[in-house]
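J.: Dropping a prediction and its sequence here:
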Amino acid sequence: MWVRKRVDIGWSDLTAALAHCALPGSRATRAAELERLWSHAGDAIACLSVRSGFDLWLSAINLPAGSEVLVSAITIPDMLRIIQDHGLVAVPVDIDPDHLAVDPASLEQGLSPRTRAILVAHLFGTRQPLETIAQFARRHDLLLIEDCAQAFVGTSFTGDSEADVSMFSFGPIKTATALGGALLRVDDKQVRDAMRQVLASQPLHSSWTYARRVLKYTGIKFLTGRLSYAAVFHTWQALGRDPDQLVNGAVRGFAGPGFFQRIRRQPAASLLAVMRRRITRFSRERIARRGENGQFLLDQLRGALVSPGWASAEHTYWVFPVLVDESSRLIAALRQAGFDGSSAHSMCVVPPPADRPEQRAVMAENILPRIVYLPYCSALPRYEMERMAAVVRAVAESSENQSRSPVIAAAPQLSSSGQAR
């Protein structure tokens, strides 16, 4: 069975990670080397995670309580949790399903006298241009943060020059994972200095803790091979358990209690060393091939179902979502054919503030519940993509009187070249 998401790390990297845990070296030296590699301008900061970095940045800028942050409407719940913990209010900004870019009209509508910042997430491997958003931010004296956790492409893109903060993740399910860690580029030197001061006061995430994580994901990597995963999947299913709970529970980065205690830590020297290794050995050819194969799969769908972000000019297909009303039917058909499709995810639609119900992100609310993730990865041969696309087309074509959502009905159909007709 083709698993929905593999851990993007090699066996040699896992071995090297354990070696670094045994001989971690100087944390300060590791951090300096890594930050210099990411940016020669001296504006990079290495953190334990994007959550840690975002929390650190909010601590440094210390916005007044009740300030509002405009947030692109699909994000992870922890980002909202961090905003709330700092006494701030998240206000959703709806997104365009074709490009997964924030909607300018929703951005204007969300603005209030209390607005202080904009947080934009690049979703599913797409990257939206920031020029228009940056102009809006400058016009209204707002800070602009971009969350690039799902848009890593190596050192060819380390953040948009228009952003005040750019955040990249090396978490367990990300491209070129180090099984943790993040890199932020922060434009303002005073803010950077304040962040470093806060970071230096935080306890250290130990190499022993990181070693346990490496061992955990070594086991997960072994179990997500085609044959081993099929055996685990069917055994779990035979026990009456939901395989989605098994997969999603295993790869959650900060599960359990004590969330803020766990994210407010300095990254271990061993983790910093592995992050540097993953960046220096990153293959741009592999990410380009993944993008080409994603476009091939999109073409094979022949417009049967819409893939959010299909029209984005920058798309590396970190994951491959499609929109469907009858998700359970498509997932069952995919799994029967040996493809572990899933609608499970760790994202949410940002709710509007209680006193501003008109700011509901209607388009995002239509997209997220209808997503099914196809088990797309760089190891998937094209003949298997063709077979998977045939399953998707068959389900779409056989749906009698399917009640199509406004998003699906309005989205353009694609030609065999992937262009709108």
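T.: Received the coordinates, thanks. Not measured: the values here are computed from a predicted model.
J.: hey, let's count contacts and neighbours off CA atoms from now on
T.: Will do.
J.: Buried residues in stretch 346-356, which are they?
T.: 348-352 (16 or more other Cα atoms under 10 Å).
J.: In strands, which of these fall?
T.: When the buried residues of stretch 346-356 are checked against strands (DSSP state E), the matches are 348-349.
J.: and the two most separated of the buried residues of stretch 346-356?
T.: In these, two members sit farther apart than any others by Cα to Cα. They are 348 and 352, at 12.3 Å.
J.: Please produce JSON lines containing the buried residues of stretch 346-356, extended by distance to residue 277 and pLDDT.
T.: Listed next are the buried residues of stretch 346-356 as JSON lines, based on distance: Cα to Cα, whole Å; pLDDT from 0 to 100:
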{"residue": "348", "distance to residue 277": "32", "pLDDT": "96"}
{"residue": "349", "distance to residue 277": "35", "pLDDT": "97"}
{"residue": "350", "distance to residue 277": "35", "pLDDT": "97"}
{"residue": "351", "distance to residue 277": "39", "pLDDT": "97"}
{"residue": "352", "distance to residue 277": "41", "pLDDT": "96"}
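J.: Among the buried residues of stretch 346-356, which one sits closest to residue 145?
T.: Of all the buried residues of stretch 346-356, the one sitting nearest residue 145 is residue 350; the distance, using Cα to Cα, is 16.4 Å.
J.: Would you agree that closest one is in contact with residue 73?
T.: Yes. Using Cα atoms under 8 Å as the test, residue 350 is close enough to residue 73 to be in contact (5.0 Å).
J.: Name the residues contacting each of those two.
T.: Here residue 350 and residue 73 have 92, 361 as joint contacts, going by Cα atoms under 8 Å, 6 or more residues apart in numbering.
J.: what mean pLDDT does stretch 100-113 have?
T.: Within the predicted structure, the mean pLDDT of stretch 100-113 is 96.
J.: for stretch 162-178, that is, sorry about that
T.: Per-residue confidence for stretch 162-178 averages out to 96 on the pLDDT scale.
J.: how about that stretch as PDB, C-alpha atoms only?
T.: Coordinates of each C-alpha in stretch 162-178 appear next as PDB, following Å, rounded to 0.1, in the frame of the first residue of the first chain:
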ATOM      1  CA  GLU A 162       8.800  42.000   1.700                       C
ATOM      2  CA  ALA A 163       8.100  40.100   4.900                       C
ATOM      3  CA  ASP A 164       9.200  41.200   8.400                       C
ATOM      4  CA  VAL A 165       9.400  37.600   9.500                       C
ATOM      5  CA  SER A 166       9.800  34.400   7.400                       C
ATOM      6  CA  MET A 167       9.400  31.000   9.200                       C
ATOM      7  CA  PHE A 168      10.600  27.600   7.900                       C
ATOM      8  CA  SER A 169      10.000  24.200   9.500                       C
ATOM      9  CA  PHE A 170      12.100  21.100   9.700                       C
ATOM     10  CA  GLY A 171       9.500  19.200  11.600                       C
ATOM     11  CA  PRO A 172       8.800  15.400  11.200                       C
ATOM     12  CA  ILE A 173       6.400  15.500   8.200                       C
ATOM     13  CA  LYS A 174       8.200  18.400   6.400                       C
ATOM     14  CA  THR A 175      10.400  18.400   3.300                       C
ATOM     15  CA  ALA A 176      14.000  17.600   4.200                       C
ATOM     16  CA  THR A 177      13.000  17.000   7.800                       C
ATOM     17  CA  ALA A 178      15.500  17.100  10.700                       C
END
